[in-house]
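Chemist: The following comprises the amino acid sequence and a computationally predicted model.
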Amino acid sequence: MAKRTYNTIHDFLNDSSFKNWAHNSQLSDISFWDFWLKNNPLKKDIAYEARDILLGINFKKTSIPEEKLNIEWNKLETKLKATQNKKNNILNKKYLTLISVAASILILISVGIYTTFLNSSYITHKTAYGETLDLKLKDGTSVTLNSNSSITYKNNDVRKVWLKGEAYFKVNKKETTNAKFWVNTDDLKVEVYGTEFNVNTKKEKTKVYLEEGSIWLTMNNGKSKKMIPGNYIEYSSEYKKITVDEKLISNEEKTSWKNGKLIFNNYTLEEALNKVTDTYGVNFTYKNPETKAFLITGIVPTTNLDICLNAIKKSTNIIIKKENTKLVVYKK
């Protein structure tokens, strides 16, 4: 990636890799910008503002037809020529009057744009690696946002949200209006009235677990599917089809993250450490490839990275050392 400077919103908006990061669509660009933002904390606010614009804040374009502009300019030019022989103070007075009128028009246009922005503005909540966030939306819905995730919704419509990453929803049912609640991802839409469920959009697929109630999925391949309590579905954005559809006996494994722990039920070490990567954004390499297949079963706290890694090391009899920017896994 060519080195550039990013000092204004337009610098970010005109960068294709930044657009990919904002839309969570290219792993290499996501990694680059996560690293860049971590090392440029003073530019986070302007970067997030640019991201919010890319995610859906649309300004209503207010333009004046070129023909009308030409007519008005010709009128102005005629008036200026007609007053050329008058005293300078009279000319200046009229000129200032014209400028004032033009300024008033610009102010009115700006107010119209600003009003449109307020009415259609979006709100985004985002978490960093290693943190979760509990939210209460204006309709009473509770949302727990997992690490490195975000939800976005209109200021005047909290019943339709866009999710990047992972979140657990406890939707407040609207008894009087029976209004639907929508969760939108790049792969599908979740339609509910009032229920509890978990949605994970990481790793090029969307995973949905329904704890209670019922929901409908509308997938980007044009198909729909109803889920009942205990259903767990994985929809592949690459193959545009459901790749996993099963009924779980226990819900703990899929939602344990919101209680500060990870549950591994006969996971390989590679699968377990991938979960740690999702939570903390760290990268692992394996000095001994066979360690990837080591099995781990148990509960690992996510209080902080060191405690998490120590629990995994004790469970699998391995060594994990930090070398430069990566964590290297060794067999004992």
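Modeler: Nice, I can see it. Numbering: from 1, shown residues only.

Chemist: Quick check: the gap between Glu234 and Asp15.
Modeler: Distance check for Glu234 against Asp15: by C-beta to C-beta, to the nearest Å, it reads 32 Å. Every residue, glycine included, has its C-beta placed from N, CA and C.

Chemist: Between those two, which is the more surrounded one?
Modeler: Asp15 (19 against 16; other C-beta atoms under 10 Å).

Chemist: Residue ranges of each domain in the chain, please.
Modeler: Domains of the chain are assigned by automatic domain parsing as 9-54, 66-120, 125-253, 260-331.

Chemist: end-to-end on the shortest one?
Modeler: Between the opening and closing residues of domain 9-54 we find a distance of 11 Å, counting by C-alpha to C-alpha, to the nearest Å.

Chemist: Now it: average pLDDT?
Modeler: Domain 9-54 shows a mean pLDDT of 83 in the predicted model.

Chemist: With stretch 134-145 instead?
Modeler: Average pLDDT, stretch 134-145: 93.

Chemist: just stretch 264-277 next, same as before
Modeler: 92.

Chemist: How far away from the center of its chain is that stretch?
Modeler: Taking the mean of its C-alpha atoms, stretch 264-277 sits 25 Å from the chain's own mean (C-alpha atoms, centre = their mean, to the nearest Å).

Chemist: and that stretch, which residues are buried?
Modeler: Within stretch 264-277, the residues that qualify as buried are Phe264, Tyr267, Thr268, Leu269, Ala272, Leu273, Lys275, Val276, Thr277, counting by 16 or more other C-beta atoms under 10 Å.

Chemist: Okay, and the beta partners of the second one?
Modeler: Meaning Tyr267. Beta-bridge pairing of Tyr267, defined through DSSP bridges, involves Ile296.

Chemist: roughly how far apart are it and Thr316?
Modeler: To Thr316, Tyr267 is 10 Å away according to C-beta to C-beta.

Chemist: What residues sit buried inside stretch 297-309?
Modeler: Applying a neighbour-count criterion of 16+ other C-beta under 10 Å, one finds Gly298, Val300, Thr302, Leu305, Cys308, Leu309 buried in stretch 297-309.
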